[in-house]
Structures are given as C-alpha cells and as structure tokens.
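>>> here are the coordinates; sequence isn't available:
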C-alpha cells in the first residue's frame with residue numbers, strides 16, 4: 001500500500017514496501033483514455049517510465065489525429081476549407097431566408113443520429129458515423145430517441161416468431177367468424 005495515494009498525473013508516491021509508484025493517463029490511437037500505473041525502485045526509474053508513457057501518448061494522439069483527418073468536409077467556391085463559424089453563419093442565413101427556425105451544424109449531427117436510430121441503424125454504426133469514442137456516449141446521448149423503439153422491437157420479434165397477424169384477418173375471438 002502507498003503512504004500517499006498516487007492519484008494525479010505523474011504523482012510519485014513511496015509505497016510501504018520501499019518501492020515507488022506513479023500513474024499517468026495515455027491516449028491510444030482509437031482515442032480511448034487509459035490510466036497506467038508504473039512501479040520502480042527509484043524516483044529516477046519512475047521518471048523514465050513516465051517519459052516513456054508520455055511518448056506513447058504523443059504517438060497515440062498523432063495516430064488518432066491522422067486517422068481523423070479526412071480533409072475539409074465543406075469548401076468555399078475557391079476550394080478553401082470552411083471553418084465552423086462560417087458554416088454556422090451560412091446556415092443562419094439559409095434558415096432566415098427559408099423562414100425556418102435557426103439551427104446550428106451541431107444540431108444537424110443530432111438530427112442525423114436521431115433519424116438513423118429511427119430507421120433501425122445499429123448504435124455501433126451511428127457511433128462510428130458521429131466519431132464518438134465509445135458506444136456508451138452514443139447510447140447515453142440518444143437514449144431518449146430509443147425510447148420510442150421498444151414497440152417496434154416487439155413487433156419485429158412477433159414477426160420473426162410468426163406471431164403477427166396478417167392484415168385483413170379477424171381478431172381471433174370466438175364467434176367472430178365471417179360468414180362464408
């Protein structure tokens with residue numbers, strides 16, 4: 001057990017067994033954040049291990065950044081990338097001219113996710129489309145949209161099990177047979 005708890009980034013604590021312990025956060029290329037603990041016999045050894053972890057983090061961030069860099073999504077008439085503020089300004093003008101409620105580009109992301117969920121697209125695909133780092137983020141953010149789907153899921157299960165009634169059939173109650 002440590003005499004002082006190593007909770008902060010790079011905090012070095014001396015353990016009761018005379019060893020040292022430190023913790024640091026690294027970012028993997030898939031953009032996940034991971035807490036790593038390092039142990040050593042001297043403060044210098046721990047310092048070297050923390051330097052290695054920081055280098056690993058730097059490489060992870062570079063890999064994630066290069067993987068995300070798809071180039072400009074929107075461009076101007078001259079071929080230059082359009083920044084987010086310009087996009088929101090143009091969208092405001094378009095909404096005003098169309099006499100509809102003003103929306104931001106970020107609102108369009110939510111609309112995209114909501115429509116995809118309503119169409120039955122799986123959460124993993126939506127997570128990747130939006131660039132969320134975890135499926136939990138997607139599910140937590142759009143849980144309210146998914147509340148409307150239990151009935152649809154039950155209907156699909158009925159259909160898969162052959163329990164759904166074809167249209168035009170009677171309600172199945174005794175005495176309600178149609179006259180032939």
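Structure received. The structure displayed is predicted, hence computed values, not measured ones.
>>> now do the helices in the protein.
Assigned helices in the chain, in chain order: 43-68, 84-98, 105-118, 123-130, 135-141, 143-146, 150-160 (criterion: DSSP state H).
>>> would JSON lines of these with distance to residue 26 be doable?
C-beta: built from backbone N, CA, C; applies to glycine. JSON lines is the format used below for those (distance: least, Cβ to Cβ, whole Å):
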{"stretch": "helix 43-68", "distance to residue 26": "4"}
{"stretch": "helix 84-98", "distance to residue 26": "29"}
{"stretch": "helix 105-118", "distance to residue 26": "28"}
{"stretch": "helix 123-130", "distance to residue 26": "22"}
{"stretch": "helix 135-141", "distance to residue 26": "19"}
{"stretch": "helix 143-146", "distance to residue 26": "30"}
{"stretch": "helix 150-160", "distance to residue 26": "39"}
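>>> could the ones you listed go into CSV alongside mean pLDDT and distance to residue 35?
Listed next are the helices of the chain as CSV, based on pLDDT from 0 to 100; distance: least, Cβ to Cβ, whole Å:
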stretch, mean pLDDT, distance to residue 35
helix 43-68, 74, 10
helix 84-98, 89, 32
helix 105-118, 86, 29
helix 123-130, 88, 23
helix 135-141, 86, 17
helix 143-146, 71, 27
helix 150-160, 81, 36
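>>> for those, give me CSV that also has mean neighbour count and distance to residue 32.
Shown next, in CSV, are the helices of the chain (neighbours: other Cβ atoms under 10 Å; distance: least, Cβ to Cβ, whole Å):
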stretch, mean neighbour count, distance to residue 32
helix 43-68, 14, 9
helix 84-98, 12, 25
helix 105-118, 14, 21
helix 123-130, 15, 13
helix 135-141, 14, 11
helix 143-146, 12, 21
helix 150-160, 11, 29
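>>> distance check, the most centrally placed residue in the chain against residue 35.
Closest to where the C-alpha atoms of the chain average out (Cα atoms, centre = their mean) is residue 132, at 2.4 Å. As judged by Cβ to Cβ, to the nearest Å, residue 132 and residue 35 stand 20 Å apart.
>>> so what's the nearest residue to residue 135 once chain neighbours are set aside up against?
Of all residues not flanking residue 135 in the chain, residue 127 sits nearest, at 5.0 Å (Cβ to Cβ, 6 or more residues apart in numbering). Residue 127 is in contact with 134-135, 137-138, counting by Cβ atoms under 8 Å, 6 or more residues apart in numbering.
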